[in-house]
Each structure stands twice: as C-alpha cells, then as structure tokens.
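Engineer: predicted model and sequence below, questions to follow.
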Amino acid sequence: QVQLVESGGGLVQPGGSLRLSCVASGLTSDEYAIGWFRQAPGKEREGVSCISTWSGSVYYADSVKGRFTISRDNAKNTVYLQMSSLKPEDTAVYYCKVEDLRLREYWGQGTQVTVSS
C-alpha cells in the first residue's frame with residue numbers, strides 16, 4: 001500500500017523559508033511523477049511543482065517560479081519542496097501526490113503552511 005507522509009509545514013513570516021518533505025513508501029515502480037499541490041481556504045487545489053522520475057522533467061507553477069525548488073533523495077524515497085521568499089498568498093495546506101504510469105493517484109494527508117507577520 002502506497003503511503004505518503006508530509007512534514008515541515010508551520011508558521012513563517014513573509015520573506016521567510018520552509019522546507020517540506022514527503023516520504024513515500026509502498027511504491028512498486030521507480031517510474032512515477034511526484035509533486036506538491038496546495039489548497040488555500042475557499043480555493044481549489046492547485047499544482048505547485050512536480051518531477052517525473054523517468055524523464056527528470058520538472059514543473060513549477062508560475063506563481064512559485066524562482067522561489068520554490070523541488071528535489072528528490074532516491075535513497076530516502078523522499079521529495080522536498082524548498083520554499084523561499086514566502087508570501088502570505090502561499091498560505092495553504094500543502095499535499096504530496098504520486099501518480100504512477102497507470103495513472104493511479106496517491107495523496108498524503110497534507111501539511112499546513114501559514115505565512116503571516
């Protein structure tokens with residue numbers, strides 16, 4: 001059974017930084033896309049960043065380009081989201097998601113990020 005466990009959220013002041021982690025377990029293939037989504041109160045869930053393991057391609061939403069960086073540690077089955085220059089509009093619950101080659105989706109439970117002074 002695939003499980004994704006996020007951590008690293010919290011309260012940070014505008015301009016600050018946080019690093020989110022997502023540990024994946026139970027994956028039976030090395031080929032999948034893994035990434036981050038977020039959902040702010042009253043808004044739809046949106047894609048933030050993702051990386052595909054078979055092509056190495058990386059995606060960033062326009063709103064986070066230049067501020068967020070996604071990375072992977074294969075040995076630890078972990079994906080990270082380094083967030084810098086955080087803005088109040090980055091406040092949301094951040095979710096980790098895996099999609100395998102059969103288009104099956106797996107989601108983590110989410111971690112809250114609050115950017116406020």
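Structural biologist: Cool, got the structure.
Engineer: which element is Val113 on?
Structural biologist: strand 111-115 (DSSP states H and E).
Engineer: what does Thr69 give?
Structural biologist: strand 68-73.
Engineer: centre of the chain versus that strand, how much separation?
Structural biologist: 9 Å (C-alpha atoms, centre = their mean, to the nearest Å).
Engineer: adjacent strands (with direction) for that strand?
Structural biologist: Paired strands of strand 68-73, with direction, are strand 78-83 (antiparallel) (DSSP bridges).
Engineer: which residues touch the strand it pairs with?
Structural biologist: With C-beta atoms under 8 Å, 6 or more residues apart in numbering as the contact definition, strand 78-83 has outside contacts at 17-24, 34-36, 48-49, 51, 64, 67-73, 90, 94, 96, 113. C-betas here are computed from N, CA, C, even on glycine.
Engineer: the strands in the chain, which residues?
Structural biologist: Taking DSSP state E to define them, one finds strands in the chain at 3-7, 10-12, 18-25, 32-39, 46-52, 58-60, 68-73, 78-83, 92-100, 105-107, 111-115.
Engineer: now those strands in TSV, with mean pLDDT and mean neighbour count?
Structural biologist: Formatted as TSV, the strands of the chain follow (pLDDT from 0 to 100; neighbours: other C-beta atoms under 10 Å):
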stretch	mean pLDDT	mean neighbour count
strand 3-7	96	17
strand 10-12	98	14
strand 18-25	96	18
strand 32-39	95	22
strand 46-52	96	18
strand 58-60	97	15
strand 68-73	95	16
strand 78-83	96	21
strand 92-100	96	20
strand 105-107	96	14
strand 111-115	98	18
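Engineer: tell me what the residue nearest in space to the middle of the chain is bridged to.
Structural biologist: The C-alpha lying nearest the average C-alpha coordinate of the chain belongs to Trp36 (C-alpha atoms, centre = their mean; 2.5 Å). Beta-bridge pairing for Trp36 (DSSP bridges): Ser49, Cys96.
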